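Asks: predicted model follows, preceded by the sequence.
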Amino acid sequence: MTTMKSFVPISPDSHFSLQNLPYGVFKPNQAAEARTGVAIGEYVLDLSVLSRAGLFNGPLLSGSDCFLQPSLNGFMAMGKPAWKEARGTIQKLLSVDEPVLRDNAELQKSALLPMSQVQLMLPAVIGDYTDFFTSKYHTMNCGIIFRGPENPLPPNWLHLPIAYHGRASSVVISGTNLHRPRGQKRPMGTPTPGFGPSVKLDFELEMAMLVGPGNELGTSVSVDDAADHIFGLVLMNDWSARDIQAWEYQPLGPFLGKSFGTSISPWIVTLEALEPFTCEAPVQDPPPLPYLTGKSSSTYDIPLEVALKPAGEEKASVICKSNFKHLYWTIEQQLAHHTINGCNLRPGDLLGSGTISGPEPESFASLLELSWDGKKPLKLGNNISRTFVEDGDEVILSACCQGDGYKVGFGTCSGKILPAIS
């Protein structure tokens with residue numbers, strides 16, 4: 001795998017190597033129809049062009065129109081054998097040793113487009129969105145902040161992956177600006193709630209899986225089969241209005257404190273691309289129930305980073321360095337639990353991991369934790385500090401795995417907060 005080289009120029013620092021090949025959706029220009037693509041170096045490979053040229057000629061993809069659609073849902077639904085066939089075809093076409101695309105200047109011109117010149121879109125039609133709560137470190141921190149150190153974990157937390165159903169309509173692509181949300185709040189010590197813009201607006205560093213083949217209503221997916229139902233992962237910022245959330249969340253969980261916007265990165269990195277970065281999952285004690293216990297338990301070593309660019313500043317400050325492997329519950333356990341009651345998942349469904357905090361303060365993955373609910377302002381340099389996100393601030397998430405001479409990265413997931421609409 002490390003010896004693969006492409007005829008496309010790829011910087012050693014590029015997230016989008018020949019070993020990665022993440023999938024996305026783009027428009028070549030504002031007026032064009034959306035189409036499917038793969039990121040390679042600083043380019044987007046237009047899969048619709050390759051499809052029309054008859055270059056997907058394997059047994060599963062020959063004659064398929066999955067790459068002629070404006071979303072990836074159809075391809076995602078085809079499952080792991082089709083994904084493997086497509087990846088092999090694309091890697092071969094981009095290889096330095098393969099002349100079909102390398103030596104065809106006309107085909108190259110229509111199929112390889114500079115990424116800087118295209119408009120990146122949501123990679124799938126997201127029918128449903130669920131957000132989990134699976135970092136023990138984040139859960140412990142929140143419990144200590146709000147309830148004290150005596151019982152920071154909810155009594156069910158070590159037995160099941162907790163989640164809530166989010167709002168798919170407000171999931172937005174990286175680079176989309178969001179207005180500060182308004183809502184009811186009841187500051188501590190006041191007897192009645194007030195209304196206004198959130199003053200405790202926060203980010204949450206997460207990743208999210210996109211579902212491939214779903215399951216029929218009334219059936220479930222076993223934890224050992226769950227990976228076959230996961231197309232890949234993206235970065236996700238689960239923006240959170242802490243003051244609105246604190247007043248509204250009992251007894252049914254988050255609502256307006258979350259549903260104003262959720263940002264995801266444009267490129268879906270497949271589990272096959274992440275395979276070299278597999279590692280042991282955390283030990284779970286007590287052992288989970290049999291339906292959550294697989295033949296093996298693994299996760300992925302994916303370094304994560306959050307930077308915050310304050311309003312009016314040119315430079316962003318890195319405020320968090322964490323890792324996907326800190327999650328207590330694996331993505332396979334999350335998906336299996338989601339379906340155990342017979343709930344049907346569908347291609348393109350988005351399942352967020354929950355905030356990925358680690359054990360050290362520098363790995364705390366929200367401002368709630370980094371500033372300890374505003375009690376310890378976070379210093380950013382240039383005499384600037386933050387307790388929560390202010391108007392004009394931009395938050396940038398990134399993730400990248402380092403292989404032997406190549407990178408498998410996710411690019412960035414960014415968003416800027418605009419003032420509340422009055």
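Replies: Done, it's in. Fair warning: this is a prediction, and the values are worked out from it, not measured in the lab.

Asks: any idea how far the host helix or strand of residue 233 is from the middle of the chain?
Replies: Using DSSP states H and E, residue 233 falls within strand 230-237. Chain-centre distance of strand 230-237: 4 Å, with Cα atoms, centre = their mean, to the nearest Å.

Asks: what's the helix or strand following that strand in contact with?
Replies: Note on strand 230-237: by DSSP H and E, the next helix or strand toward the C-terminus is strand 240-241. If you take Cβ atoms under 8 Å, 6 or more residues apart in numbering as the criterion, strand 240-241 is touched by 181, 183, 198, 200-204, 254, 256-258, 260, 366, 368. Where you see a C-beta, it was placed from the backbone N, CA and C, and this is true even at glycine.

Asks: ditto for stretch 250-260
Replies: Contacts for stretch 250-260 (Cβ under 8 Å, 6+ apart): 131, 164, 166-167, 170, 178-179, 181, 183, 198, 238-246, 248-249.

Asks: just the buried residues of those.
Replies: Among these, the ones that count as buried by 16 or more other Cβ atoms under 10 Å are 131, 164, 166-167, 178, 181, 183, 198, 238-246, 248.

Asks: grab the nearest non-local neighbour of residue 178.
Replies: Leaving aside its chain neighbours, residue 178 sits nearest to residue 261 (4.1 Å; criterion: Cβ to Cβ, 6 or more residues apart in numbering).

Asks: of the buried ones among the contacts of stretch 250-260, which belong to strands?
Replies: 131, 164, 178, 183, 240-241 (DSSP state E).

Asks: pull the most distant pair out of those residues.
Replies: The largest separation in these, counting by Cβ to Cβ, is between 164 and 178 at 19.7 Å.

Asks: for residue 243, what are its contacts?
Replies: Residue 243 sits in contact with 185, 187, 198-200, 257, where contact means Cβ under 8 Å, 6+ apart.

Asks: which strand residues bridge residue 280?
Replies: According to DSSP bridges, the partner residues bridging residue 280 are residue 298.

Asks: read off the pLDDT value for it.
Replies: Residue 280 carries a pLDDT value of 97.

Asks: I figured residue 366 hits residue 372, correct?
Replies: No. Taking Cβ atoms under 8 Å as the definition, residue 366 is not a contact partner of residue 372, at 10.8 Å.

Asks: the more surrounded of these two?
Replies: Each of residue 366 and residue 372 has its neighbours counted (other Cβ atoms under 10 Å); residue 366 has more, 24 against 17.

Asks: buried ones in the helix or strand of the chain with the lowest mean pLDDT, by neighbour count?
Replies: Across the helices and strands of the chain, mean confidence by mean pLDDT, DSSP states H and E is lowest for strand 378-381: a mean of 93. Neighbour counts using 16+ other Cβ under 10 Å place 378, 380 of strand 378-381 among the buried residues.

Asks: give the other helices and strands that it contacts.
Replies: Using 3 or more Cβ pairs under 8 Å, 6 or more residues apart in numbering; DSSP states H and E as the contact criterion, the elements in contact with strand 378-381 are strand 317-323, strand 384-386.

Asks: most neighbours per residue, which of those strands?
Replies: strand 317-323 (a mean of 20; mean count of other Cβ atoms under 10 Å).

Asks: can you get me the start-to-end distance on stretch 372-387?
Replies: For stretch 372-387, the first and last residues are 8 Å from each other (Cα to Cα, to the nearest Å).

Asks: what sits up against it?
Replies: In contact with stretch 372-387 (Cβ under 8 Å, 6+ apart) are residues 145, 200, 242, 308, 310, 313, 317, 319, 367, 370-371, 388, 393.

Asks: before we move on, the earlier item: which one of the contacts of strand 240-241 is nearest residue 295?
Replies: The closest of those, once distances to residue 295 are taken by Cβ to Cβ, is residue 204, at 31.7 Å.

Asks: residue 62 versus that closest one, what's the distance?
Replies: Counting by Cβ to Cβ, to the nearest Å, the gap from residue 204 to residue 62 is 43 Å.

Asks: ok, those two, which is more surrounded?
Replies: residue 204 (28 against 10).

Asks: touching, that one and residue 239? I think so.
Replies: Yes. The criterion here is Cβ under 8 Å, and residue 204 meets it with residue 239 at 7.4 Å.

Asks: what ranges in the protein fall below the confidence cut-off?
Replies: Counting by pLDDT under 70, the low-confidence segments of the chain come to 1-3.

Asks: need the CA coordinates for the longest helix along it. PDB is fine.
Replies: Counting by DSSP state H, the longest helix found in the chain is helix 80-94. Provided in PDB are the C-alpha atoms of helix 80-94 (Å, rounded to 0.1, in the frame of the first residue of the first chain):
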ATOM      1  CA  LYS A  80     -19.100  -3.200   0.800                       C
ATOM      2  CA  PRO A  81     -18.400  -5.300  -2.300                       C
ATOM      3  CA  ALA A  82     -19.300  -2.400  -4.600                       C
ATOM      4  CA  TRP A  83     -17.300   0.000  -2.500                       C
ATOM      5  CA  LYS A  84     -14.300  -2.300  -2.800                       C
ATOM      6  CA  GLU A  85     -14.700  -2.600  -6.500                       C
ATOM      7  CA  ALA A  86     -15.000   1.200  -7.000                       C
ATOM      8  CA  ARG A  87     -11.900   1.900  -4.800                       C
ATOM      9  CA  GLY A  88      -9.800  -0.600  -6.800                       C
ATOM     10  CA  THR A  89     -10.900   0.900 -10.100                       C
ATOM     11  CA  ILE A  90     -10.200   4.500  -9.000                       C
ATOM     12  CA  GLN A  91      -6.800   3.600  -7.500                       C
ATOM     13  CA  LYS A  92      -5.800   1.900 -10.700                       C
ATOM     14  CA  LEU A  93      -7.000   4.800 -12.900                       C
ATOM     15  CA  LEU A  94      -5.000   7.300 -10.800                       C
END
